[in-house]
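Peer 1: Any chance you could fold what I've pasted below:
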Amino acid sequence: MGFNPFYFDPYYLLFLGPALLLAIVAQMWVSSAYARASQMPASTSGANVARHLLDNAGLDNVPVEEVPGHLSDHYDPRADVVRLSSEVFHGRSLAAVGIAAHECGHALQKHLGYLPFRLRSLAVPMASFGSGASGLLLILGIIFGFQPLLIAGIVLFSCVVIFQLVNLPVEFDASARAKALLIEQGIVHQHEMGPVNNVLNAAALTYVAATLQAIMQLLYYVTLIMGRGRSRSDE
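Peer 2: Predicted coordinates:
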């Protein structure tokens, strides 16, 4: 049978459907939790919270910068800088405070030598290369029916799965550090932590969904190549 470019394998949805549904639910939860927490006032801005947490941890040399974009907040380990979106940088809400503290949690992970964070940094180049190259190899392997290309694509995509698995404890730990620091340093009182927990837990679910999606996609590719192997043996 020749390759049909318009063919869609229904088994792909069978494998990926639950993960995609979870991703949709997680994204809706993030949007809802962030919108609610953004209406809850905090005593200071996200930028001030980040600066305070970093200074108290002895990381006064780590800058806090404002970047454009919605929820574009991140910690850049190569530049060693915490970058906050404008609404978090200037925002005086529990949402802004929670997100800023989470990104500072990543800075603490790097400077304290947190092992999963170091492993994630090592996995980033492999995952970036594997994400792009694996798709090309898998498509070419299917078009030409060349099994070694399929196997190479699966091996490369495994790097993406490994990255996602390593990334989970990194994100969970950053949120746990953020919650503890906000309470310990009196930035947010215990009875006000509900909206902060809601935002950070919703964000954590998006990483769970991404990990599940990567695992199920890998399993789909494995069953695809196993099916091709069985069909060849039956000929």
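Peer 1: Count the residues that sit near the closest residue to residue 54 other than its chain neighbours.
Peer 2: Leaving aside its sequence neighbours, residue 54 sits nearest to residue 62 (CB to CB, 6 or more residues apart in numbering; 5.1 Å). (C-beta placed from N, C-alpha, C; glycine too.) Applying other CB atoms under 10 Å, we find 21 residues neighbouring residue 62.
Peer 1: Verify the stated contact: residue 62 with residue 80.
Peer 2: Yes: in this structure, residue 62 is within contact of residue 80 by CB atoms under 8 Å, at 5.7 Å.
Peer 1: how about the residue nearest to residue 54, what does it touch?
Peer 2: By CB atoms under 8 Å, 6 or more residues apart in numbering, the contact set of residue 62 is 54, 80, 81, 82, 107, 111.
Peer 1: circling back to that earlier point, residues that sit against both of residue 62 and residue 80, list them.
Peer 2: Both residue 62 and residue 80 are in contact with residue 107, where contact means CB under 8 Å, 6+ apart.
Peer 1: any idea which residue sits dead centre in the chain?
Peer 2: Residue closest to the average C-alpha location in the chain (CA atoms, centre = their mean): residue 207, at 4.5 Å.
Peer 1: Could you double-check that it sits in contact with residue 168?
Peer 2: Yes: judged on CB under 8 Å, residue 207 makes contact with residue 168 at a distance of 5.9 Å.
Peer 1: Report the distance from the lengthiest helix in the chain to the chain centre.
Peer 2: Counting by DSSP state H, the longest helix found in the chain is helix 193-234. In terms of CA atoms, centre = their mean, to the nearest Å, the centre of helix 193-234 is found 13 Å from the chain centre.
Peer 1: now swap in stretch 51-64 and tell me
Peer 2: So, by CA atoms, centre = their mean, the centroid of stretch 51-64 is 24 Å from its chain's centroid.
Peer 1: any idea of the mean pLDDT for it?
Peer 2: Mean pLDDT, stretch 51-64: 97.
Peer 1: what distance separates the start and the end of that stretch?
Peer 2: Start-to-end span of stretch 51-64 (CA to CA, to the nearest Å) is 7 Å.
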